[in-house]
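> following is a predicted model, sequence given first.
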Amino acid sequence: MKKLFDGVYLLEGQVGRRPLYLPLFRGDYGALLLDTGCAEHVDKLILPGFTELDISPADLRFVINTHPDTDHVGGNGGVKTWAPHALLGCGDADREAIDDPEVLFRSRYDAYRPFGVFYSEEIAANMRRDLGKAQPVDLTFRGGERIRLSADWDLEVLYLPGHSKGHLGLLDRRHRTLFGGDAIQGSVYLDVSGKPALCPTYLYPETYLQTCQLIEHLDLDYYVSCHWPIKKAREIPEFCQETRAFVERAGILLRDSGITDLRKACLELGPRLGQWPDPVHLELAYALAGHLGLQ
């Protein structure tokens with residue numbers, strides 16, 4: 001666990017070989033956890049962190065999901081079992097998927113089966129395991145809401161769509177920091193050793209770029225995501241530019257190739273877009289489907 005500021009911490013774990021950072025806020029009025037990792041992270045990461053900070057079930061007031069992915073919502077059921085009175089929230093447009101792991105799997109991870117892109121039975125089974133048990137959402141956000149943690153400290157909910165329809169972030173003006181989940185992703189996910197591990201996985205290019213522009217123009221000292229190192233000062237617009245450049249390059253390559261078949265586009269353009277392992281090229285289905293208008 002890393003302390004960022006007074007009352008703000010990062011629970012540091014891994015998902016596969018990739019880093020995972022779960023922000024935890026603790027104010028006079030209680031605690032807020034942003035994202036819950038995979039199902040296994042409840043016992044391996046989250047509850048040990050709560051114990052270290054002497055956070056009891058009664059102290060946890062809010063659990064907010066930035067978006068519906070295994071490594072962001074899989075621990076919802078476990079955390080709510082531990083703290084049943086905590087309110088579970090997410091973006092309004094993502095509620096249906098976060099409510100039901102099977103809906104999430106079908107609508108997000110199995111969405112490209114008609115185009116010949118899908119996960120093996122073994123990987124699909126692991127994803128379902130990571131999603132944990134169903135846990136209904138208690139409240140939803142559309143952006144602009146404020147969550148008060150102390151008399152002089154609140155967090156503003158920002159609507160940051162693109163990676164999902166309802167993606168959220170939390171703006172902490174007291175510390176001039178945006179906690180953005182997977183809202184923007186640069187040009188690559190690196191593993192814990194610094195090697196390319198995964199491509200960007202935005203779904204909606206236009207709104208993703210709008211989110212990038214919004215983040216770039218916020219007056220921030222820090223940008224904290226869930227899988228990338230903390231960006232400071234000038235690094236923030238540089239990360240936004242890296243994000244924008246990838247989206248533009250992907251769109252140009254796809255247009256110039258004339259390819260309309262999603263699987264073929266992934267396999268042919270993947271080596272030109274990044275140096276991740278060859279099997280990862282098919283993960284470009286999320287982004288390229290958006291560019292092809294298949295979302």
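Yep, that arrived.
> can you pull the contacts of the closest residue to Thr201 other than its chain neighbours?
Nearest non-adjacent residue to Thr201, counting by C-beta to C-beta, 6 or more residues apart in numbering: Tyr286, 4.3 Å away. Yep, even glycine has a C-beta here, placed from its N, CA and C like the rest. Listed by C-beta atoms under 8 Å, 6 or more residues apart in numbering, the contact partners of Tyr286 are Thr201, Tyr202, Leu203.
> mind running it again at 10 Å?
Counting by C-beta atoms under 10 Å, 6 or more residues apart in numbering, Tyr286 touches 108-109, 111-112, 117, 163, 199-204, 266, 295.
> with Met1 instead?
Counting by C-beta under 10 Å, 6+ apart, Met1 touches Tyr9, Leu10, Leu11, Glu12, Gly13, Leu22, Leu24, Leu45, Pro48, Gly49, Glu52, Leu53.
> so where do the helices sit in the stretch 151-295 of the chain?
Taking DSSP state H, counting those that start in this stretch, the helices of the stretch 151-295 of the chain run over residues 205-216, 235-257, 262-273, 285-291.
> most packed of those helices?
helix 285-291 (a mean of 24; mean count of other C-beta atoms under 10 Å).
> on that earlier part again, closest one to Arg18 among the helices of the stretch 151-295 of the chain?
helix 285-291 (15.8 Å; C-beta to C-beta).
> sorry, back to before: give me the buried subset of the contacts of Tyr286.
Buried members of those, counted by 16 or more other C-beta atoms under 10 Å: 108-109, 111-112, 117, 163, 199-204, 266.
> in JSON lines: those residues, plus pLDDT.
JSON lines is the format used below for the buried ones among the contacts of Tyr286 (pLDDT from 0 to 100):
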{"residue": "Arg108", "pLDDT": "97"}
{"residue": "Tyr109", "pLDDT": "98"}
{"residue": "Ala111", "pLDDT": "97"}
{"residue": "Tyr112", "pLDDT": "98"}
{"residue": "Val117", "pLDDT": "98"}
{"residue": "His163", "pLDDT": "98"}
{"residue": "Cys199", "pLDDT": "98"}
{"residue": "Pro200", "pLDDT": "98"}
{"residue": "Thr201", "pLDDT": "98"}
{"residue": "Tyr202", "pLDDT": "98"}
{"residue": "Leu203", "pLDDT": "98"}
{"residue": "Tyr204", "pLDDT": "98"}
{"residue": "Cys266", "pLDDT": "98"}
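> closest to Lys232 among these?
Among the buried ones among the contacts of Tyr286, and counting by C-beta to C-beta, the member closest to Lys232 is Pro200, at 21.3 Å.
> grab the nearest non-local neighbour of that closest one.
Here the residue nearest Pro200, using C-beta to C-beta, 6+ apart, is Gln185, at 4.2 Å.
> give me the local confidence score for the one you found.
Note on Gln185: pLDDT of 98.
> go on, the one 10 residues further on?
Per-residue confidence for Lys195 comes out at a pLDDT of 97.
> next one: the one 10 residues further on
Looking at Pro205, its pLDDT stands at 98.
> excluding chain neighbours, what is closest to Leu45?
Closest to Leu45 by C-beta to C-beta, 6+ apart is Gly13, at 4.3 Å.
> next up, the contacts around the nearest residue to Tyr202 once chain neighbours are set aside.
Nearest residue to Tyr202, sequence neighbours excluded (C-beta to C-beta, 6+ apart): Tyr208, at 4.2 Å. Listed by C-beta under 10 Å, 6+ apart, the contact set of Tyr208 reads 160-163, 167, 183-185, 200, 202, 243-244, 247, 287, 290.
> one more time with 7 Å
Counting by C-beta atoms under 7 Å, 6 or more residues apart in numbering, Tyr208 touches Gly162, His163, Tyr202, Val247.
> phi, psi for the second one please.
In this case it means His163. Recorded main-chain torsions at His163 are phi -80, psi -30, according to degrees, to the nearest 10.
> looks like it contacts Pro205 (just checking).
No: between His163 and Pro205 there is no contact, the gap being 10.9 Å when judged by C-beta atoms under 7 Å.
> what distance do you get for the residue in the chain sticking out farthest from the centre to Leu288?
In the chain, the residue that sits farthest from the middle, by C-alpha atoms, centre = their mean, is Gly258; the gap is 31.1 Å. When distance is defined by C-beta to C-beta, to the nearest Å, Gly258 is 13 Å away from Leu288.
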